[in-house]
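>>> Here is the input, now give the coordinates:
(one chain, ligands or ions: 2)
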Amino acid sequence: MPNSVRKHSFDESEAPTEPSPQYLSLQPKKNTVLVSHGRPPWYGEDGKRTCDAYVVAVAGGSGSGKTHVARQIVQSLGSIPTVIILSQDSFYKYHTPEELELAHANKLDFDHPDAIDMPLFAACLADLKACKQTNIPVYSFVEHQRLPETKYLYGATIIITEGIMALHDPALRELYDLKVFVQCDSDLMLARRIQRDVKERGRSVESVLDQYLRFVKPSYDNFVRPTATYADIIVPGSNNAVAIGLISAHIRRQLDERANQFRKKLAIPHLYFSGGSGASTPESRLEDLDLKVLPQTPQLVGIYTILRSKETSRQDFVFFADRLSTLLVEHALQYLPYTDKTVTTPVGVVSHGKKLDVKNVCGVSVLRSGGALERGFRRVINDVPVGSLLVQSDATTGEPLLLHAMLPHCVRFRHLAEESWVFLLDAQIGTAAAAFMSIRILLDHGVREDRIVFITFLVARGGGISVLRRVFPQVTIVCGAVDDEMREGWLEGYRGEGNPEGTGRPVWVMQPGMGQIGDRYYL
Ligand SMILES: Nc1ncnc2c1ncn2[C@@H]1O[C@H](COP(=O)(O)OP(=O)(O)O)[C@@H](O)[C@H]1O
Ligand SMILES: Nc1ccn([C@@H]2O[C@H](COP(=O)(O)O)[C@@H](O)[C@H]2O)c(=O)n1
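Ligands and ions are numbered 1, 2, ... in the order given. Alright, predicted model coming up:
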């Protein structure tokens with residue numbers, strides 16, 4: 001059922017409040033991004049990244065408790081999805097059949113710094129730190145081998161790396177913001193290792209002891225323990241709750257510093273961006289916004305009339321939304337490159353035509369309402385992969401939060417993303433906060449700005465579109481109608497600042513708009 005809104009008067013001096021997230025408590029695995037809580041904007045109102053992810057390195061001997069420390073930190077921060085653990089164990093090198101034979105006979109040294117692919121580890125970490133995606137190797141301790149698959153990671157604000165050689169490599173040390181060494185008694189480390197390797201890594205007690213005496217202990221003395229001198233903090237290997245609490249408090253401050261809030265500036269750009277800077281105002285001329293608006297034929301206006309009417313049934317709404325999205329996608333396709341193509345017709349005549357000249361095309365819908373454009377999109381572009389981004393407003397501040405990213409294969413890998421054309425699908429651009437975030441995500445992945453085509457039913461001329469245009473001028477924006485106005489209101493039932501009676505969240509509403517498009521399409 002569509003939510004109704006009630007007007008709320010906006011006070012310019014109103015300071016944005018801190019989000020008060022509800023955290024889920026999950027036991028994280030190594031290299032896991034949790035997806036239970038959203039990521040606030042990691043970029044400013046100029047569209048640029050405001051800071052790197054914060055990197056903590058945890059080194060120490062095998063069995064010293066590095067993983068335990070990393071997991072405890074994650075847990076004490078509330079197991080939020082933007083705090084991830086990156087284990088150096090994933091970066092053991094690929095082994096030849098001869099090396100594998102040695103490994104199974106306990107004769108391969110896994111405790112020498114050369115056993116780990118340090119350049120790959122540094123490259124993946126550098127990408128994550130710069131808020132880009134990365135695809136890390138997957139390693140099997142049972143098979144002693146790197147597996148064929150990789151694991152995609154994106155969106156970390158805090159990265160906790162852990163490994164015996166985490167502090168060994170100078171290039172890696174350059175990437176760390178905080179260096180921790182877990183100091184533990186050797187007997188305790190050995191006892192823990194026997195228990196763990198027998199239980200989790202398919203080893204016998206005898207083989208663990210053999211490997212320990214041959215490689216693990218000498219390596220600890222020669223390579224691992226000396227790196228404690230690089231650490232900012234030495235944490236004991238047991239009874240370390242206080243140390244973990246202090247580190248977590250420090251990291252929480254880093255986390256808070258990395259959450260930007262500027263949705264109101266987007267929603268009412270003339271209050272913030274006017275003046276001598278040549279910034280746009282809601283009175284911006286439509287042609288200055290460089291929107292690709294469908295020709296306003298009576299047939300198109302007829303479709304909008306049906307979609308805007310509150311009397312329209314859900315069945316009709318879906319039918320006409322699908323029809324409209326087909327028209328929008330057809331229109332958008334003209335902005336892609338084409339080359340000449342000659343064919344011979346069934347009657348033997350040569351005909352000169354065109355063919356689409358792109359390597360990869362995919363779609364990404366901004367859920368939930370972007371899903372209303374998906375059917376039309378798939379109808380026009382055959383077999384096209386479609387991913388999704390779940391961007392929702394924070395319940396108290398209305399700021400956008402990235403809750404989930406499920407991107408197509410051709411965007412997940414940087415070398416493919418760099419040559420992909422990506423259609424972003426979202427039902428409307430009002431404050432433009434979700435559009436801002438989804439474009440930023442694609443750019444983080446290496447998609448070229450001029451290869452992003454944003455398709456939407458409605459754009460609010462007085463909303464964030466003028467800022468979006470200025471910040472991302474090369475993105476093609478295709479829409480069917482432009483509404484003049486937006487008004488701030490509250491979704492029915494909101495209880496909070498400015499609206500003490502209800503429960504809900506603040507929203508900006510397009511005027512005349514189409515209501516809550518996601519609700520009308522899906523419910
Ligand atoms: N502070 C601690 N208190 C109790 N048990 C611990 C502590 N630190 C580690 N352990 C246990 O010791 C074992 C090895 O710890 P782990 O963190 O996997 O070591 P590492 O990653 O350094 O090889 C695990 O079973 C873990 O539960
Ligand atoms: N195939 C392998 C690879 C590594 N190891 C051992 O793992 C230890 C490091 O992992 P921790 O989680 O204990 O830090 C290292 O000491 C290697 O000996 C292995 O046994 N088999």
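>>> and the residue of the stretch 251-400 of the chain nearest ligand 1?
residue 251 (18.0 Å; C-beta to the nearest ligand atom). C-betas here are computed from N, CA, C, even on glycine.
>>> doesn't that residue fall inside a helix?
Yes - counting by DSSP: H, G, I helix; E, B strand; the rest coil, residue 251 is located in a helix.
>>> what residues are up against it?
54, 56, 73, 77, 83, 158, 178 (C-beta atoms under 8 Å, 6 or more residues apart in numbering).
>>> and stretch 168-179, anywhere near ligand 2?
No - counting by C-beta under 6 Å from any ligand atom, ligand 2 has no neighbours in stretch 168-179; the shortest distance is 12.7 Å.
>>> List the buried residues of that stretch.
For stretch 168-179, burial by neighbour count (16 or more other C-beta atoms under 10 Å) applies to 168-169, 172, 175-179.
>>> And what about the residue lying closest to residue 130 once chain neighbours are set aside, helix, strand or coil?
Spatial nearest neighbour of residue 130, chain neighbours left out: residue 52 (6.2 Å); criterion: C-beta to C-beta, 6 or more residues apart in numbering. Secondary structure, three-state DSSP: residue 52 is coil.
>>> where's residue 52 relative to residue 255, distance?
Relative to residue 255, residue 52 is positioned 13 Å away (C-beta to C-beta, to the nearest Å).
>>> Give me the contact list for the host helix or strand of residue 319.
Assessed by DSSP states H and E, residue 319 sits inside helix 314-332. Contact with helix 314-332 is made by 292, 294, 300, 303-304, 306-307, 312, 372-377, 379-381, 423, 425, 453, 455-457, 476, 478-480, 517, 520-521, 523, as judged by C-beta under 8 Å, 6+ apart.
>>> and the residues you listed, which are buried?
Buried among the contacts of helix 314-332 (16+ other C-beta under 10 Å): 292, 294, 300, 303-304, 306-307, 312, 372-377, 380-381, 423, 425, 453, 455-457, 476, 478-480, 517, 520-521.
>>> In helices, which of these fall?
300, 303-304, 306-307, 374-377, 380, 517, 520-521 (DSSP state H).
>>> Can I get the residues you listed in CSV including distance to residue 199 and pLDDT?
Output for those, formatted as CSV (distance: C-beta to C-beta, whole Å; pLDDT from 0 to 100):
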residue, distance to residue 199, pLDDT
300, 65, 98
303, 63, 98
304, 63, 97
306, 63, 97
307, 59, 97
374, 46, 96
375, 50, 96
376, 53, 96
377, 49, 97
380, 54, 96
517, 52, 91
520, 54, 92
521, 50, 93
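>>> Just give me the closest of these to ligand 2.
Ligand 2 lies nearest to residue 374 out of those, by C-beta to the nearest ligand atom, at 43.0 Å.
>>> you'd agree that closest one is up against residue 363?
Yes - counting by C-beta atoms under 8 Å, residue 363 is a contact partner of residue 374 at 7.1 Å.
>>> what's the overlap in contacts for these two?
With C-beta under 8 Å, 6+ apart as the test, residue 374 and residue 363 both reach 386, 425.
>>> Please list all residues in contact with residue 51.
42, 257-258.
>>> Among the residues you listed, show me the least confident.
Least confident of those in the model: residue 258, at 83.
>>> Give the burial count for the closest residue to that one other than its chain neighbours, as a bare number.
Spatially, and ignoring its direct neighbours in sequence, residue 258 is nearest to residue 157 (5.0 Å; C-beta to C-beta, 6+ apart). Neighbours of residue 157 under the rule other C-beta atoms under 10 Å: 23.
>>> for residue 93, same thing?
Residue 93 has 17 nearby residues by other C-beta under 10 Å.
>>> Distance check, it against residue 434.
With C-beta to C-beta as the criterion, residue 93 and residue 434 are 42 Å apart.
>>> need the residues of this structure near ligand 1, please.
60, 62-68, 192, 196, 238, 240.
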